[in-house]
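[1] For reference, the sequence and a predicted model appear below.
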Amino acid sequence: MNELLATFIFFFAVVDPIGTVPVFIAVTAQYTEAVKRRVALLATLFAALILLFFVIAGEIILDAINIPLSAFQIAGGIVLFLFALTMIFGEGKPEGEKRFIKDGKETAIFPLAVPSIASPGAMLGAVLMTENNRFSLLEQSQTTMMILAVLAIVLVLLLLASYVHRIIGDAGASIVSRVMGLILASVAVNNILSGIKTYFAL
């Protein structure tokens, strides 16, 4: 149970559902409520497909190019750590990703599905948390369920975006994003240390 909760918190941190709300509001400002609902559904669906692709094929691709998972774990941990630092010290998710919006005609794929929901950190996490050598098929299935659970929360928050944003505002979303970044930094360091231990057989 603790492992499932830890996995859920990890993906909640890298996906940052609350931080996606201001991005969604900005990108759909000129749309009707019906179109907003459609964009929310499509963005979540595309993000789910992208992350599931990395769960299924991520390790296969690494094997095909002969990269050991421990090396990818170290590299992924470093990238996750840098990603976490941008969440902590950078502009924050809402402000940073709103810059991608130019004329309000962006599709659900960009910047919502990628990089707002299926962020680089989420893609790396999907591979690292479903390694065949570290996790059983049952554990990988549970991880996949946690990913889908987080995406379900994303969908609910996007459908209720106007109400959520009215309560927390951009400042609240930015604070949540920084707290999630701190959690993610801890997970990233743990991945780096675990990868070093495996790679050097310590």
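    Nice, I can see it. This structure is a prediction, so every number in the text was calculated from the model and none was measured.
[2] What segments of this structure are helices?
    2-15, 17-27, 33-64, 69-89, 93-98, 120-128, 137-159, 161-199 (DSSP state H).
[3] now those as JSON lines including distance to residue 111 and mean pLDDT?
    All C-beta atoms are positioned from the backbone trio N, CA, C, and that covers glycine. Shown next, in JSON lines, are the helices of the chain (distance: least, C-beta to C-beta, whole Å; pLDDT from 0 to 100):
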{"stretch": "helix 2-15", "distance to residue 111": "14", "mean pLDDT": "90"}
{"stretch": "helix 17-27", "distance to residue 111": "6", "mean pLDDT": "82"}
{"stretch": "helix 33-64", "distance to residue 111": "9", "mean pLDDT": "91"}
{"stretch": "helix 69-89", "distance to residue 111": "15", "mean pLDDT": "81"}
{"stretch": "helix 93-98", "distance to residue 111": "5", "mean pLDDT": "53"}
{"stretch": "helix 120-128", "distance to residue 111": "13", "mean pLDDT": "85"}
{"stretch": "helix 137-159", "distance to residue 111": "13", "mean pLDDT": "96"}
{"stretch": "helix 161-199", "distance to residue 111": "15", "mean pLDDT": "82"}
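[4] for those helices, which one ends up most surrounded?
    helix 17-27 (a mean of 25; mean count of other C-beta atoms under 10 Å).
[5] Give me the neighbour count for residue 32.
    9 (other C-beta atoms under 10 Å).
[6] that older thread, can you add distance to residue 112 and give the helices of the chain back as CSV?
    Formatted as CSV, these follow (distance: least, C-beta to C-beta, whole Å):
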stretch, distance to residue 112
helix 2-15, 12
helix 17-27, 6
helix 33-64, 4
helix 69-89, 18
helix 93-98, 9
helix 120-128, 13
helix 137-159, 8
helix 161-199, 11
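[7] My guess is residue 83 contacts residue 120. True?
    Yes. Using C-beta atoms under 8 Å, residue 83 is in contact with residue 120, at 6.2 Å.
[8] So for residue 114, which of the helices of the chain sits nearest?
    helix 33-64 (6.6 Å; C-beta to C-beta).
[9] Show me what that closest one is packed against.
    Secondary-structure packing of helix 33-64 (3 or more C-beta pairs under 8 Å, 6 or more residues apart in numbering; DSSP states H and E): helix 17-27, helix 69-89, helix 120-128, helix 137-159.
[10] and the gap between the closest residue in space to residue 81 that isn't next to it in sequence and residue 74?
    The shortest distance from residue 81 to any residue other than its chain neighbours is 3.8 Å, reached at residue 188 (C-beta to C-beta, 6 or more residues apart in numbering). Using C-beta to C-beta, to the nearest Å, residue 188 is found at 10 Å from residue 74.
[11] cool, residue 17 as well?
    To residue 74, residue 17 is 28 Å away according to C-beta to C-beta.
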